[in-house]
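Peer 1: return atomic coordinates for the entry below.
(chains A and B)
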There are 2 protein chains.
Amino acid sequence: MNPFTDDPALSVGALGERRLIAHLRTWLGKATAPAPFGIGDDCAVLPASRSRRLLVTTDPVIYGRHFDSAVTPAAAAEKLLKRNLSDIAAMGGVPRSAVVSLALPRRVSIAWIGGFYRALGRCALRHGVTIAGGDIAESPEMLGAFLTLLGESSGPRVLTRRGAVAGDWIYASGELGGSILGKHCRFTPRLAEGRWLASRREVRCLMDLSDGLAKDILELTPAGTRPSLSAAALPISRAARTLARRDGRSALDHALSDGEDFELLFAVAARTDLTAFEKAWRARFPTKLTCLGHFARIGEPLADSIPLERYHGYEHLAGA
Amino acid sequence: MNPFTDDPALSVGALGERRLIAHLRTWLGKATAPAPFGIGDDCAVLPASRSRRLLVTTDPVIYGRHFDSAVTPAAAAEKLLKRNLSDIAAMGGVPRSAVVSLALPRRVSIAWIGGFYRALGRCALRHGVTIAGGDIAESPEMLGAFLTLLGESSGPRVLTRRGAVAGDWIYASGELGGSILGKHCRFTPRLAEGRWLASRREVRCLMDLSDGLAKDILELTPAGTRPSLSAAALPISRAARTLARRDGRSALDHALSDGEDFELLFAVAARTDLTAFEKAWRARFPTKLTCLGHFARIGEPLADSIPLERYHGYEHLAGA
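Peer 2: Modelled structure (predicted):
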């Protein structure tokens, strides 16, 4: 849906800020609360975290960059919240509250922003998130929504990107590649899986896949090692195979290089009983789980290992 | 300073994301921390609030809207953080951590973004704020920085916009109007004053002035009353008088209608010993304090009261 309208009467400019905020509140419904716990005061007041650690992450959706007119306002809103939920999942945390800062050109249609906020409210409710407040700024050109999500650790432990050592096994949830064919808006943030991983002592580190496995894996790779991944093991998505048929690149390339998988990537201690670990996962989650390989010491002979240096994940701001 | 460059070698596009983030970290210096307490993991991990209440606020600066090429990158960065600090001040809170989401066209110059982040770091350090993380998204057109600031209550009490009753006195800090001549970037968030007000039982409610007194006062006005403000009492700034000479509008109009004063506006219980209250303020703060009037019951005869309905504060998204 095209967010913009040429009919001034149908645009947010016709509402003005005060009425627009009243509408936003209605559209969000039970996902927000009266001020000062929701929209309407200088700050939103939140109950202090029940746990020892507070988590905070921020990610936007920008028109022309993260969504376009081919995407429904509901899908854009879900993508906005779920991108951030995936970051909370990637620390093993529980999401709590969000604020949304809108950059809004006047000629955005009321219908579009209504669809966006109604979906944001539904998605927030589904994940136990309160939309506690935000800001609307008129923007000359760009339509964007910038969400900051607060969460807390689910137990005593927060899983960061650090902690893997040589020999650790590398795992990923779900299937990889081809997200642009639909999954980039329709994914499921792996919150329950992330919480469970944070409770397992054999799990060393965790992140979510947003820029493609070939690039993201470097974030977990300990010094003195390189990731040894088996091409045969890689959980290549059907969408990656479809794209490969269309563009002549290999499905493996898509699985390694495409962004926005929003799956979990983590390392498990070398001595783990992998059969028992995988069985415990499968008893809890229908989500696919794949052992991709391990962190090999530099110099260790690698048979059937993907030459990762030939693949590139999504490069932000690449090229001037 | 013009944020954009036509020389690709001098632009952020020439750096790419990874090197840009390394630069941001350097520019922020001691205002940030290693991951996961600063930039570099999926979420930033913050220590849980020491107090009962967590405060959160979000405000951006957008090129062409909140700053332009006439403003230095340092002034734009200070405005970004201080707009949010003013919201924490307006609840009587203490600022703690911030995340910044950047919408960044490739042709923004490295020199501009460097000036922006160095100033952001200095301003954060000065106010005890940690820049805990953020996001960089390539934006086709718009340059904007969207900051979310977390704080906590300084004591058992958070001052909201609610609580005034008929007869309460109305006070403002500082001087009003004409902010566009410079104060909109060079103001002092009234954090110490806000904390002190939250500790005073006679103070009923508090907000910061961002859209002009004539509009903002309505946020504090209890049902069944109207604000009775004395024109003679109004602390009109020198900048408002300068603007009035230039544009033919009255200085009073500027003081009532101009946005971005970033002063505190609050109500004090009717029975307060105002002389003692003002003396206690002056013993602590050099900041000007003015009693503007009171909340009069509807029907109460008003002598020398400003007809506020004739003045309009800053209207966001006004006109289609």
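Peer 1: so which bits of the stretch 151-300 of chain A are right by chain B?
Peer 2: By the rule Cβ under 8 Å from any Cβ of the partner chain, the part of the stretch 151-300 of chain A lying against chain B is A:Gly151, A:Glu152, A:Ser153, A:Val158, A:Thr160, A:Arg161, A:Arg162, A:Met207, A:Asp208. The C-beta positions use only the backbone N, C-alpha and C, and glycine is treated the same way.
Peer 1: mind doing that once more with 6 Å?
Peer 2: Within the stretch 151-300 of chain A, the positions near chain B by Cβ under 6 Å from any Cβ of the partner chain are A:Val158, A:Thr160, A:Arg161, A:Met207, A:Asp208.
Peer 1: from those, which is closest to A:Ser230?
Peer 2: Distance to A:Ser230, by Cβ to Cβ, is smallest for A:Met207 among these, at 20.1 Å.
Peer 1: that closest one - that's part of a strand, no?
Peer 2: Yes. Checked against DSSP: H, G, I helix; E, B strand; the rest coil, A:Met207 lies within a strand.
Peer 1: tilt between the top strand by length along chain A and strand B:93-104?
Peer 2: The longest strand of chain A (DSSP state E) is strand A:93-104. Compare the direction of strand A:93-104 with that of strand B:93-104 by axes from the mean of the first three to the mean of the last three Cα atoms, to 10 degrees and you get 60 degrees.
Peer 1: by contact count, what packs against the helix or strand following strand A:93-104?
Peer 2: With elements assigned by DSSP states H and E, the helix or strand that comes after strand A:93-104 is helix A:110-126. Using 3 or more Cβ pairs under 6 Å, 6 or more residues apart in numbering or on different chains; DSSP states H and E, the elements in contact with helix A:110-126 are helix A:12-28, helix A:73-89.
Peer 1: check whether the first one comes near chain B.
Peer 2: Meaning helix A:12-28. Yes. Counting by Cβ under 6 Å from any Cβ, chain B is contacted by helix A:12-28 at A:Val12, A:Gly13, A:Ala14, A:Gly16, A:Glu17.
Peer 1: could you pull up the residues touching the first one?
Peer 2: By Cβ atoms under 6 Å, 6 or more residues apart in numbering or on different chains, the contact list for A:Val12 reads A:Leu20, A:Val108, A:Ile110, A:Ile113, B:Leu317.
Peer 1: nearest spatial neighbour of the fourth one, skipping sequence neighbours?
Peer 2: Sequence neighbours aside, A:Val12 is the residue nearest to A:Ile113 in space, at 5.9 Å (criterion: Cβ to Cβ, 6 or more residues apart in numbering or on different chains).
Peer 1: what lies in contact with the longest strand of chain A?
Peer 2: Strand A:93-104 is contacted by residues A:46, A:55, A:85, A:88, A:127, A:129-137, A:139, A:142, A:144-154, B:56, B:58, B:60, B:144, B:146, B:148 when judged by Cβ under 6 Å, 6+ apart.
Peer 1: note down every partner strand of it and its orientation.
Peer 2: Strand pairing for strand A:93-104, using DSSP bridges, gives strand A:130-138 (parallel), strand A:144-153 (antiparallel).
Peer 1: what mean pLDDT does the helix or strand harbouring A:Arg204 get?
Peer 2: For A:Arg204, the enclosing helix or strand under DSSP H and E is strand A:203-208. On average, the pLDDT along strand A:203-208 is 98.
Peer 1: what does stretch A:245-261 contact?
Peer 2: So stretch A:245-261 is in contact with A:176-179, A:184, A:209, A:211-214, A:231, A:234, A:236, A:240-241, A:243-244, A:311-314, going by Cβ under 6 Å, 6+ apart.
Peer 1: wait, a helix at A:Thr58?
Peer 2: No. Counting by three-state DSSP, A:Thr58 is not part of a helix but strand.
Peer 1: mind listing what it touches?
Peer 2: Contact partners of A:Thr58, counting by Cβ under 6 Å, 6+ apart, are A:Thr148, B:Val99, B:Ser101, B:Gly134, B:Asp135.
Peer 1: how much does the longest strand of chain A deviate in direction from helix A:73-89?
Peer 2: Interaxial angle, strand A:93-104 versus helix A:73-89 (the same axes, to 10 degrees): 140 degrees.
Peer 1: leaving out chain neighbours, which residue sits closest to the residue of the stretch 51-200 of chain A found nearest chain B?
Peer 2: Nearest to chain B, among the residues of the stretch 51-200 of chain A, is A:Met142, at 3.2 Å (Cβ to the nearest Cβ). The shortest distance from A:Met142 to any non-neighbouring residue, by Cβ to Cβ, 6+ apart, is to B:Met142 (3.2 Å).
Peer 1: before we move on, the earlier item: with distance to B:Pro3 added, can I get the contacts of A:Thr58 in TSV?
Peer 2: Formatted as TSV, these follow (distance: Cβ to Cβ, whole Å):
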residue	distance to B:Pro3
A:Thr148	23
B:Val99	21
B:Ser101	17
B:Gly134	18
B:Asp135	19
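Peer 1: helices and strands around the lowest-mean-pLDDT helix or strand in chain A, which ones?
Peer 2: Every helix and strand of chain A was ranked by mean pLDDT, DSSP states H and E. The lowest is strand A:44-47, at a mean of 88. On a contact count with 3+ Cβ pairs under 6 Å, 6+ apart, strand A:44-47 meets strand B:53-62.
Peer 1: starting from the strand it packs on, tell me which strands it pairs with and how they run.
Peer 2: Strand pairing for strand B:53-62, using DSSP bridges, gives strand A:44-47 (antiparallel), strand B:144-153 (antiparallel).
Peer 1: using CSV, write down the CA coordinates of it.
Peer 2: Output in CSV follows, covering the C-alpha atoms of strand B:53-62 (Å, rounded to 0.1, in the frame of the first residue of the first chain):
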residue,chain,number,x,y,z
ARG,B,53,10.4,4.0,38.6
LEU,B,54,12.0,3.9,35.2
LEU,B,55,11.5,6.9,33.0
VAL,B,56,11.7,6.8,29.2
THR,B,57,11.5,9.5,26.6
THR,B,58,12.3,9.8,22.9
ASP,B,59,12.9,12.8,20.7
PRO,B,60,14.7,13.2,17.4
VAL,B,61,16.6,15.9,15.5
ILE,B,62,15.8,15.9,11.8
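Peer 1: so that strand versus helix B:110-126, what angle?
Peer 2: 160 degrees.
Peer 1: what packs against the helix or strand just after the strand holding A:Arg204?
Peer 2: Downstream of strand A:203-208, the first helix or strand assigned by DSSP H and E is helix A:213-220. Applying 3+ Cβ pairs under 6 Å, 6+ apart, we find helix A:213-220 packed against helix A:251-257.
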